[in-house]
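Novice: I need the structure of the sequence given here:
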Amino acid sequence: MAQISAGELLARLEKGKPVPAILLLGEETYLRDTCRAQLIDRFVPEAARAWAVSRFSADRGEVDAAVSQAQTLPMLSPQQLVFLEEAEAIESLGDKKREAAVDALEDYLENPASFTMLIIEAANLDQRMRLAKLLVEKALVVQVGLGERQGDRLSSAVALARVMAKEEGVEFEKGAAEDLAEAVSADLQRLKTEITKLSTYVGARKLITCHDVAALVISEKTATVWELAEMLASRQQKQAIEFLDRILREGEQPIQILGALTWMYRKLMEASEVHGVSQPWQASKALAMAPDKAMAAIQSARKISKPRLLAGLKSLQRADDLLKGGGSSQGRTVLEFLLAELTAADTRAASR
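Specialist: Predicted coordinates for the structure are as follows:
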């Protein structure tokens, strides 16, 4: 079947004949969520969604259950949507279980139910394997990603930024959408979050300027604080201070770095409550972050005790008070002292 972009999905479904199966392929959480919402809004009446929208996970071994539901007539709706998430997990099964799962999908796709749209989701698939070949042949493949080339990714992110801004009732001045897309390195989840924040900030002005973006958005350079998380977790004070020196020399401001560190610690607190996660896509869903950063957060949180995280938040608050209380000229010193506290032994950190 054809391969289309996420933005072309609804137009393709409106024009063509019914599609028995869709493969949402890619790692962009925002695009995947948008496709899900569009499909549900278009094909299932709100009153029937409790019965006519089902979700299953291949990672939990629910392929057979998803196929069974797809073959079952829905209640109170002429059509149902059956979502099978994390289909990439099928590829990592043992030979016997993997073949059984692919057989089940193949049997269904040879004779799909007319009242069901089966939506299979995968962050990535090995195109050499039988599962990928089956889905490319039998399903409408929707790419939920921005492409590999950085220029293409940024161009797509700029276009989506303008759409998101319109949804929030604001618009960008010339160059501001480009600045924002570059600052977040085309991470759509962050793009959406930052636009929501910026729209609140500009208020009745309804116009996001380049200055607004520069003032409020932590750049992706600073957002690489996840590199720092592992250093803090393993108490590598020397490496942490070298990291700080590098990003300061690259032009990041102390107050922005502190903001990124505070945000990181709050995410580590969230991550410490997440259990049973082994895949980047699962981590991304749990923490609403890019998959690689979400997995880094969970791995680092497992190495830091809850008392140490709480003590770290107190240290961050003290550093914030110092910078906002007139200590910005001593920003490097404040941040170096902060990193010394965050990499200190638990007894020292807890005593402060």
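Novice: what's around Lys206, how many residues?
Specialist: 12 (other Cβ atoms under 10 Å). From N, CA and C alone the C-beta is placed, and that goes for glycine too.
Novice: adjust the sequence numbering to begin at 59 for everything that follows.
Specialist: Taking 59 as the first residue, the last one we looked at is Lys264.
Novice: quick check: it touching Glu229?
Specialist: Yes - in this structure, Lys264 is within contact of Glu229 by Cβ atoms under 8 Å, at 6.8 Å.
Novice: low-confidence bits of this protein, can you list those?
Specialist: The model of the chain has pLDDT under 70 over residues 59, 74, 206, 208, 276-283, 346-348, 384-387, 404-410.
Novice: could I get the full set of strands for it?
Specialist: Assigned by DSSP state E, the chain shows strands spanning 61-63, 79-83, 111-115, 138-143, 174-180, 198-201, 229-230, 265-266.
Novice: show residues contacting the first one.
Specialist: Taking Cβ atoms under 8 Å, 6 or more residues apart in numbering as the criterion, the residues outside strand 61-63 that touch it are Arg70, Val194, Leu198, Val199, Val200, Gln201.
Novice: which stretches in the stretch 259-408 of the chain count as helices?
Specialist: Using DSSP state H, counting those that start in this stretch, the helices of the stretch 259-408 of the chain run over 268-274, 278-281, 283-291, 295-307, 312-329, 338-345, 349-359, 364-380, 389-400, 404-409.
Novice: and of those helices, who's closest to Lys75?
Specialist: Lys75 lies closest, by Cβ to Cβ, to one member of the helices of the stretch 259-408 of the chain: helix 338-345, at 31.0 Å.
Novice: gap between the closest one and the chain center?
Specialist: What separates the centre of helix 338-345 from the centre of its chain is 7 Å, taken as Cα atoms, centre = their mean, to the nearest Å.
Novice: pull the contacting residues for Leu151.
Specialist: With contact set as Cβ under 8 Å, 6+ apart, Leu151 has these partners: Ala159.
Novice: er, Ser172 I mean
Specialist: Residues in contact with Ser172 (Cβ under 8 Å, 6+ apart) are Pro76.
Novice: measure Ser363 to Ala402 for me?
Specialist: Ser363 is 13 Å from Ala402, where distance means Cβ to Cβ, to the nearest Å.
Novice: out of these two, which sits in the busier spot?
Specialist: The residue with more neighbours, out of Ser363 and Ala402, is Ala402; 19 against 13, by other Cβ under 10 Å.
Novice: and the more buried one, its phi and psi?
Specialist: phi -70, psi 170 (degrees, to the nearest 10).
Novice: count of residues packed around the nearest residue to it once chain neighbours are set aside?
Specialist: Residue nearest to Ala402 in three dimensions, not counting chain neighbours: Arg293, with 7.6 Å by Cβ to Cβ, 6 or more residues apart in numbering. Neighbour count for Arg293, taken as other Cβ under 10 Å: 16.
Novice: Arg293 against Leu397, yeah?
Specialist: No - with contact defined as Cβ under 8 Å, Arg293 does not reach Leu397; the gap is 10.5 Å.
Novice: neighbours of Val221, how many?
Specialist: Neighbours around Val221, by other Cβ under 10 Å: 11.
Novice: ok, Gln127 touching Ala110?
Specialist: No - Gln127 is not in contact with Ala110 according to Cβ under 8 Å; the separation is 10.4 Å.
Novice: overlap of the contact sets of those two?
Specialist: Gln138.
Novice: so what's Val392 up against?
Specialist: Val392 makes contacts with Pro312, Leu316, Ala377, Leu380, Leu381, Gly385, as judged by Cβ under 8 Å, 6+ apart.
Novice: grab the nearest non-local neighbour of Arg188.
Specialist: Spatial nearest neighbour of Arg188, excluding adjacent residues (Cβ to Cβ, 6+ apart): Val160 at 5.4 Å.
Novice: residue contacts, that neighbour?
Specialist: Val160 sits next to Ile148, Arg188, Leu189, Leu192 when contact means Cβ under 8 Å, 6+ apart.
Novice: export those to TSV and tack on neighbour count?
Specialist: Shown next, in TSV, are the contacts of Val160 (neighbours: other Cβ atoms under 10 Å):
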residue	neighbour count
Ile148	26
Arg188	16
Leu189	23
Leu192	17
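Novice: can you flag which of those residues belong to helices?
Specialist: Arg188, Leu189, Leu192 (DSSP state H).
Novice: just give me the closest of those residues to Tyr323.
Specialist: Ranked by distance to Tyr323 (Cβ to Cβ), the ones in helices among the contacts of Val160 are led by Leu189 at 39.5 Å.
Novice: this completes my enquiry, with thanks.
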